[in-house]
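In: next input, structure requested:
(4 chains)
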Number of protein chains: 2
Amino acid sequence: MRLPNHPLTETLSLVRVLHALSDPVRLNLVQSLATKGEQACGALNLNVAKSTASHHFRVLREAGVIQMRPDGTQFLNSLRKEDLEQRFPGLLDAVLRASKADDI
Amino acid sequence: MRLPNHPLTETLSLVRVLHALSDPVRLNLVQSLATKGEQACGALNLNVAKSTASHHFRVLREAGVIQMRPDGTQFLNSLRKEDLEQRFPGLLDAVLRASKADDI
DNA sequence: TCAATAGTTCGATATTTATCGAACTATTGA
DNA sequence: TCAATAGTTCGATAAATATCGAACTATTGA
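Out: Presented below is the predicted three-dimensional model:
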């Protein structure tokens, strides 16, 4: 079983979270998870190579923005909304709201 | 007279803003401006070389996070609070609030 | 048992970025 | 007029990052 590491809510770093969100591919990914809910990696059409997509998922996971849970041959990804809200209140909502106002 | 370029509020890019904020030196700088109000570059003790500080001010300015107005031999810097609030409501407040909760 | 599916890891590469010191420019106050 | 002050620009460098393809690993369904 592949169990990727997820940082604890209390240890999340603001700089890390902001950096994770400051890439067009990743922001697009986060936006998709926000609207579609839990999704497998492949279900999100990122228009990059598989290895590149894997890289971006890892950056988001290690920053604490998403969680990945194994499900058969795939991973189901979702936003850590509650955790982020607890650690950095209002931040994710503001980014998601902004990402709709922006073309990215 | 040195008049640096400032992007229009309507053209601010979310990715650019998040990237500008995702550096420890710059986040610290933004935090200082938020608490102290308008400040000259030299008044903020960034603990980096003058040229490096200048670079960070430029990144923040070009992202639209700060505005710089010439005043004698120096520049007075301030946050573009209202502009950011208009373009990306709640974002700056959430980041500032988070930056207090975080060690950066 | 085994092929198919879903991601990860690895090695390479090109780009971006943070950093510095030195030289430069602009403004003011004496 | 000129020295002092405040930043900027330039050139160099080291580190981080986004990207890819190929090889690998883990899981399931037939």
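
In: can you pull the residues of chain A lying near DNA strand D?
Out: Listed as neighbours of DNA strand D in chain A under the rule CB under 7 Å from any atom of the strand: A:1-2, A:19, A:23, A:25, A:48-52, A:55-56, A:59, A:70, A:72-73. (Each C-beta comes from the backbone N, C-alpha and C, glycine too.)

In: widest-spaced pair of these?
Out: A:19 and A:72 (31.5 Å; CB to CB).

In: neighbour-wise, which of the two wins?
Out: The residue with more neighbours, out of residue A:19 and residue A:72, is residue A:19; 18 against 7, by other CB atoms under 10 Å in any protein chain shown.

In: what are the ranges of the strands in chain A?
Out: A:39-40, A:66-71, A:74-79 (DSSP state E).

In: single out the most deeply packed of these.
Out: strand A:74-79 (a mean of 18; mean count of other CB atoms under 10 Å in any protein chain shown).

In: is it positioned near DNA strand C?
Out: Yes - looking at strand A:74-79 against DNA strand C by CB under 7 Å from any atom of the strand, the contacts come from A:74-75.

In: point out the residues in chain A that sit beside chain B.
Out: A:13-15, A:18-19, A:21-24, A:27, A:87-91, A:93-95, A:97-99, A:101-102, A:104 (CB under 8 Å from any CB of the partner chain).

In: what ranges does chain A have for its helices?
Out: With helices called from DSSP state H, chain A shows them at A:14-21, A:24-36, A:50-63, A:81-87, A:91-101.

In: make a markdown table from those and add distance to DNA strand C to it.
Out: Formatted as a markdown table, these follow (distance: least, CB to the nearest atom of the strand, whole Å):
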| stretch | distance to DNA strand C |
| --- | --- |
| helix A:14-21 | 9 |
| helix A:24-36 | 12 |
| helix A:50-63 | 3 |
| helix A:81-87 | 19 |
| helix A:91-101 | 18 |
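
In: out of those helices, flag the one nearest residue B:63.
Out: With CB to CB as the criterion, residue B:63 lies closest to helix A:14-21 of the helices of chain A, at 12.0 Å.

In: of all residues in chain A, which one is nearest the centre?
Out: Nearest to the mean C-alpha position of chain A, by CA atoms, centre = their mean, lies residue A:66 at 3.8 Å.

In: wait, doesn't that one sit right on residue A:75?
Out: No - assessed by CB atoms under 8 Å, residue A:66 is found out of contact with residue A:75, at 9.9 Å.

In: quick one: common contacting residues for these two?
Out: Both residue A:66 and residue A:75 are in contact with residue A:57, where contact means CB atoms under 8 Å, 6 or more residues apart in numbering or on different chains.
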